[in-house]
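Student: Any chance you can model this:
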Amino acid sequence: MNLRALIEKRNKLLDDMQKIVEAANTETRAFTNDELASYENMKAEVENLDKTISAAEELRSIESKGAVTEPGAAVKSDTELKEKAFENYLRGRISKETRDADANLTFGDNGAVVPTSIVNKIIDKVVEISPLYSLATRYNVKGNLTIPYYDSETSDITVAYADEFTELTSTSGSFKSITLTGFLAGVLTKISKKLLNNSNFDLLGFVIRKMAENIAVWIEKELICGTVDKIEGLSKLTAAVTTSANNKITSDELIDLQDAIPDTYQGDAVWIMSKKTRNSIRKLKDGQGNYLLERDFSGKWRYVLLGRPVMISKNMPEIAEGAKAIIYGDMSGLAVKVSEEAEVTVLREKYATQHAVGVVAYIDIDSKVENAEKIAVLSIKSSEPDPDPDPDPSDNTEGEQS
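Tutor: Below you'll find the model as predicted:
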């Protein structure tokens, strides 16, 4: 029911009634027969509108409280009502004129529909799809976030033997910090109107799943590779281990990488690498001829290397000169800030010529390493140019005779 239109119609009738009264007062006369008939008709219509508006407001109040609308029907929560309203809007069951009057939808200045519960479901699905994002330390806050950390590399508190009547030498560490700001990113999902018209199709689940898949792939790429002047992620970690060869990784180098992480952080550590890198490592054996990489049928990621699970990401570089081919450690050392305020926008007209409806989600995100002790990187050796290349024999003029 278009409640706003009903209210506007009622107000217009009252204005017209007021004009009839003012005209008679100005001319100091009684209503004419036509004026009296019009006044009485408008009065009766206002009274009917008042009853209709009152009934609509009462029904809305009942629905917003999750009341049972049919015998035996389950009570619907406010979240369910908002999600249903959003689905109806996608399917076009809420018209442009009536959408602002729907109490179960929130509209921004640009007409965007923002059901918070749906945004939360998208983010929850991203956590499920992206292992790295799920393992990182996530902060859901607005604005800039400053995270302090204790810097023990350049200076630290020391303990030493002391003699009586001798002053202690003062030593101290220092606190530094990283600041997470926010970078806007958007994802577009287009839905065929043929699917929208299929009432048996799980439209809401499709929107949540497709957006989460696209967001998860993009976020994981940014967390691993970063972008200059944007999200930093793990991209600025310096190599803890560099291979001796420019085309392979040895078992000793894997051990060195693992030992680059303090024992206190080993409990939640994981390996991150590409599928091709894992395939290369599967062929490595220890001194007794046992393969280093073991199958783990009960584990989440199917393989274990040196006692810790192996996570595959298509965003990880393969074994190539200068590539950071393996990341190892406790990924809670990576901080990710996602603003609580996300926005879902429905584009009904933009893709009309494609017989589709677009749904856009915007997120505000940033990421940096907050504890570099927890995460280590293995880099593949880069070939260095020969500083004294062999001379071209054709250029050798030594011994030439004139």
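Student: From here on, just use CA atoms for contacts and neighbour counts.
Tutor: OK.
Student: In terms of secondary structure, what does the longest helix anywhere in the chain contact?
Tutor: The single longest helix within the chain, with elements called by DSSP state H, is helix 33-64. Using 3 or more CA pairs under 8 Å, 6 or more residues apart in numbering; DSSP states H and E as the contact test, the elements touching helix 33-64 are helix 3-26.
Student: average pLDDT for the helix it packs on?
Tutor: Across helix 3-26, the average pLDDT comes to 80.
Student: Tell me where the stretch 151-300 of the chain has strands.
Tutor: For the stretch 151-300 of the chain, applying DSSP state E, counting those that start in this stretch gives strands covering 174-180, 183-192, 241-242, 270-273, 293-295.
Student: V21: which of the ones you listed is closest?
Tutor: With CA to CA, the closest approach to V21 among the strands of the stretch 151-300 of the chain belongs to strand 183-192: 54.7 Å.
Student: Hey, what's the angle from the strand ranked longest in the chain to strand 183-192? Just curious.
Tutor: Ranked by residue count, the top strand of the chain under DSSP state E comes out as strand 356-369. Here the directions of strand 356-369 and strand 183-192 differ by 150 degrees (axes from the mean of the first three to the mean of the last three CA atoms, to 10 degrees).
Student: so what does strand 356-369 touch, helix or strand wise?
Tutor: Short answer (3+ CA pairs under 8 Å, 6+ apart): strand 356-369 packs on strand 174-180, strand 183-192, helix 203-225, strand 334-338, strand 343-347.
Student: Now the element after that strand, going C-ward?
Tutor: strand 375-379 (DSSP states H and E).
Student: Model confidence at T69, what's the number?
Tutor: 45.
Student: Can you list the buried residues in stretch 313-331?
Tutor: By neighbour count on 16 or more other CA atoms under 10 Å, the buried set for stretch 313-331 is 313, 315-319, 321-331.
Student: Just the CA coordinates for it, please, in PDB.
Tutor: What follows is stretch 313-331, C-alpha atoms only, in PDB (Å, rounded to 0.1, in the frame of the first residue of the first chain):
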ATOM      1  CA  SER A 313      45.800 -19.400  -3.300                       C
ATOM      2  CA  LYS A 314      45.700 -18.600  -7.000                       C
ATOM      3  CA  ASN A 315      46.900 -15.100  -6.000                       C
ATOM      4  CA  MET A 316      50.300 -16.400  -4.900                       C
ATOM      5  CA  PRO A 317      53.100 -16.000  -7.400                       C
ATOM      6  CA  GLU A 318      54.600 -19.200  -8.800                       C
ATOM      7  CA  ILE A 319      58.300 -20.200  -8.600                       C
ATOM      8  CA  ALA A 320      60.000 -17.500 -10.700                       C
ATOM      9  CA  GLU A 321      63.000 -15.200 -10.300                       C
ATOM     10  CA  GLY A 322      62.400 -12.600  -7.600                       C
ATOM     11  CA  ALA A 323      59.000 -13.900  -6.700                       C
ATOM     12  CA  LYS A 324      57.700 -14.100  -3.100                       C
ATOM     13  CA  ALA A 325      56.600 -17.700  -3.600                       C
ATOM     14  CA  ILE A 326      55.700 -18.800  -0.100                       C
ATOM     15  CA  ILE A 327      54.300 -17.100   3.000                       C
ATOM     16  CA  TYR A 328      54.400 -18.900   6.300                       C
ATOM     17  CA  GLY A 329      53.300 -17.900   9.800                       C
ATOM     18  CA  ASP A 330      50.400 -16.900  12.000                       C
ATOM     19  CA  MET A 331      48.200 -14.800   9.800                       C
END
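Student: Centre of the chain to it, how far?
Tutor: Distance of stretch 313-331 from the chain centroid (CA atoms, centre = their mean, to the nearest Å) equals 22 Å.
Student: Quick check: mean pLDDT of it?
Tutor: Stretch 313-331 comes out at a mean pLDDT of 94.
Student: Likewise for stretch 186-203?
Tutor: 76.
Student: now it: how far from the chain's centre is it?
Tutor: With CA atoms, centre = their mean, you get 21 Å for stretch 186-203.
Student: Straight-line length of that stretch, end to end?
Tutor: Terminal residues of stretch 186-203 lie 20 Å apart, using CA to CA, to the nearest Å.
Student: Quickly note the distance from Y139 to Y133.
Tutor: 12 Å.
Student: And V344, by the same measure?
Tutor: Distance from V344 to Y133, by CA to CA: 21 Å.
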